[in-house]
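Q: when you get a sec, could you give me coordinates for this:
(one chain, ligands or ions: 1)
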Amino acid sequence: MYAAGRLRGKFMNFASDNGSGVAPEIMSALAAANDGAAPGYGVDAYTGQACDRLSEVFEKDVSVFLVATGTAANALNLAAITQPHGAIFVHECAHVHTDECGAPEFFMHGAKLLPLGGDHGKLTPEAIEQGLDGFAQGVVHHPQVQAISLSQVTECGTVYSVAEIEALSALAKEHSLRLHMDGARFANALVSLGCSPGEMTWKAGVDVLSFGATKNGAMGVEAVIVFDEGLASDLPFMRKRSGQLLSKGRFLGAQMAAYLEDDLWLDMATHANRMAALLATGIDKLPGARLRHPVQANQLFPVLPKSVHKALITAGAVYYPWEREPDGVAVRLVTSFSTTEKEVEAFLSIAGSAL
Ligand SMILES: *Cc1c(COP(=O)(O)O)cnc(C)c1O
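A: Here you go, the predicted structure:
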């Protein structure tokens with residue numbers, strides 16, 4: 001990992017989509033919401049508008065709980081569908097498993113996450129079935145599997161097709177498991193598939209969704225979205241108890257309402273994905289470089305020849321080294337709504353001339 005100072009560069013910063021700022025439209029909405037007074041704790045008009053809009057977007061009356069972080073959204077969602085003696089199948093690379101400091105287990109009062117393998121960050125019905133074979137259900141000694149959690153976009157930058165989600169949800173139903181989707185990059189997955197939000201979630205059997213906005217241009221707001229009303233009744237209390245019921249909640253509502261207005265969220269994700277596709281095309285042409293996973297949204301995982309990596313870093317490009325690979329430097333590149341074509345071109349030109 002580089003020291004934090006190395007991650008500050010503004011130009012060619014591909015470290016993460018949370019390194020980007022806030023979309024101007026969302027900044028303006030925050031300023032507008034700052035004018036005058038509004039009720040606290042999320043009963044304001046902005047939050048109301050955001051919730052109504054989410055029901056429209058999903059073509060269903062959904063229960064919405066706005067929170068400040070994706071970790072909170074995931075932990076609350078998972079706690080809503082699991083008992084303390086329960087367990088949840090996740091991919092071994094899942095953010096809930098590797099990057100949330102045990103928050104899901106903490107909020108679930110001890111329920112386990114059971115990590116499974118799978119190519120390119122994806123869970124498969126076969127892996128779930130094998131997992132179930134390892135924990136005979138109904139036997140008092142084993143954790144009782146109650147849910148599956150998948151990340152859409154995955155931690156490898158890939159996207160589950162609707163058919164893949166349906167296959168997992170069919171298996172989930174067969175075994176009375178709930179299905180959670182970690183949609184920290186929901187919009188990037190959605191525009192990648194070109195389907196509707198409903199088709200990628202409840203119509204395909206998803207019960208609860210962590211709907212991200214922060215990485216795609218908000219300042220800091222995510223939504224716990226519950227498609228089955230029966231699962232939502234405890235969530236108001238759980239959110240308060242977790243310290244996620246914001247006193248000046250209107251600033252979460254204003255962000256989410258602006259994010260969804262005039263398809264801003266879809267436009268920003270489309271742009272981010274397009275920048276990633278441009279990078280992928282260029283990297284594909286670099287002799288000695290390769291992409292470890294298909295590029296389907298706004299994250300790339302290339303292995304770069306050492307000379308290319310060195311030239312890029314020297315020129316001020318910013319990104320994280322990732323897992324070790326024998327044939328070069330494996331890195332992660334992330335694009336966002338604010339990535340420019342100029343940055344992508346500069347990156348590829350430096351990479352090209354290093355060879
Ligand atoms: C970023 C991210 C989250 C949310 O992280 P926070 O830092 O808690 O907002 C959740 N899941 C995935 C896959 C992510 O990449």
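
Q: for G352, give me its contacts.
A: Neighbouring residues of G352 by Cβ atoms under 8 Å, 6 or more residues apart in numbering: G282, L286. The way it works is simple: take the backbone N, C-alpha and C, and place the C-beta from them, glycine included.

Q: also S149?
A: S149 sits in contact with N74, L78, I88, F89, V90, A94, V96, L113, L179, H180, M181, D182, where contact means Cβ under 8 Å, 6+ apart.

Q: any idea whether it is helix, strand or coil?
A: Per DSSP: H, G, I helix; E, B strand; the rest coil, the local secondary structure of S149 is strand.

Q: dump stretch 121-132 to PDB, restricted to CA.
A: What follows is stretch 121-132, C-alpha atoms only, in PDB (Å, rounded to 0.1, in the frame of the first residue of the first chain):
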ATOM      1  CA  GLY A 121     -15.800 -12.700  -7.500                       C
ATOM      2  CA  LYS A 122     -19.000 -14.500  -8.200                       C
ATOM      3  CA  LEU A 123     -21.000 -17.000  -6.100                       C
ATOM      4  CA  THR A 124     -22.500 -19.900  -8.000                       C
ATOM      5  CA  PRO A 125     -25.300 -22.300  -7.200                       C
ATOM      6  CA  GLU A 126     -22.700 -25.100  -7.200                       C
ATOM      7  CA  ALA A 127     -20.600 -23.300  -4.500                       C
ATOM      8  CA  ILE A 128     -23.700 -22.700  -2.400                       C
ATOM      9  CA  GLU A 129     -24.800 -26.300  -2.700                       C
ATOM     10  CA  GLN A 130     -21.400 -27.500  -1.700                       C
ATOM     11  CA  GLY A 131     -21.500 -25.100   1.200                       C
ATOM     12  CA  LEU A 132     -24.800 -26.400   2.300                       C
END
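
Q: ok, which of the contacts of S149 also contact the ligand?
A: N74, D182 (Cβ under 6 Å from any ligand atom).

Q: which of the contacts of S149 fall in strands?
A: I88, F89, V90, L113, L179, H180, M181, D182 (DSSP state E).

Q: what about the fifth one, distance to the ligand?
A: What it means is L179. For L179, the distance to the ligand equals 16 Å [Cβ to the nearest ligand atom, to the nearest Å].

Q: Throw the contacts of S149 into CSV and include neighbour count, thanks.
A: Output for the contacts of S149, formatted as CSV (neighbours: other Cβ atoms under 10 Å):
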residue, neighbour count
N74, 31
L78, 29
I88, 27
F89, 25
V90, 26
A94, 25
V96, 26
L113, 23
L179, 24
H180, 27
M181, 27
D182, 28
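
Q: what is the least confident helix or strand in this structure?
A: strand 320-321 (a mean of 93; mean pLDDT, DSSP states H and E).

Q: coming back round to it: rebuild the ones in strands among the contacts of S149 as CSV, extending it with pLDDT.
A: CSV is the format used below for these (pLDDT from 0 to 100):
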residue, pLDDT
I88, 98
F89, 98
V90, 98
L113, 98
L179, 98
H180, 98
M181, 99
D182, 99
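
Q: which single one of those is nearest to the ligand?
A: Comparing the ones in strands among the contacts of S149 against the ligand with Cβ to the nearest ligand atom places D182 closest, at 4.7 Å.

Q: beta partners for the closest one?
A: Bridge pairing for D182 (DSSP bridges) gives the partners S151, S210.

Q: what sits against it?
A: By Cβ under 8 Å, 6+ apart, the residues touching D182 are G70, N74, A94, H95, V96, S149, L150, S151, Q152, S210.

Q: return the member of those nearest to the ligand.
A: In terms of Cβ to the nearest ligand atom, no member of those lies closer to the ligand than G70, at 2.2 Å.

Q: run through the residues of the stretch 151-300 of the chain sitting next to the ligand.
A: Counting by Cβ under 6 Å from any ligand atom, the residues of the stretch 151-300 of the chain near the ligand are S151, E155, D182, A184, T214, K215.

Q: for R185, see how far away the first one is.
A: Same thing as S151. Taking Cβ to Cβ, to the nearest Å as the measure, S151 falls 8 Å from R185.

Q: strands of the chain, residue ranges please.
A: Under DSSP E, the chain gives strands at 63-67, 86-91, 112-116, 144-151, 178-183, 208-212, 222-226, 290-291, 299-300, 302-304, 320-321, 329-334.

Q: about what we covered before: can I get the ones in strands among the contacts of S149 in TSV with distance to D119?
A: Listed next are these as TSV, based on distance: Cβ to Cβ, whole Å:
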residue	distance to D119
I88	21
F89	16
V90	15
L113	20
L179	20
H180	21
M181	19
D182	18
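
Q: from the chain's centre, how far out does the longest helix seen in the chain sit?
A: Ranked by residue count, the top helix of the chain under DSSP state H comes out as helix 264-285. Relative to the chain's own centre, helix 264-285 is displaced by 16 Å; criterion: Cα atoms, centre = their mean, to the nearest Å.

Q: one step back: I'd like to know which of the contacts of S149 is nearest to F251.
A: Taking Cβ to Cβ as the measure, N74 is the one of those closest to F251, at 21.4 Å.

Q: next one: that closest one relative to P294, how far apart?
A: 24 Å.
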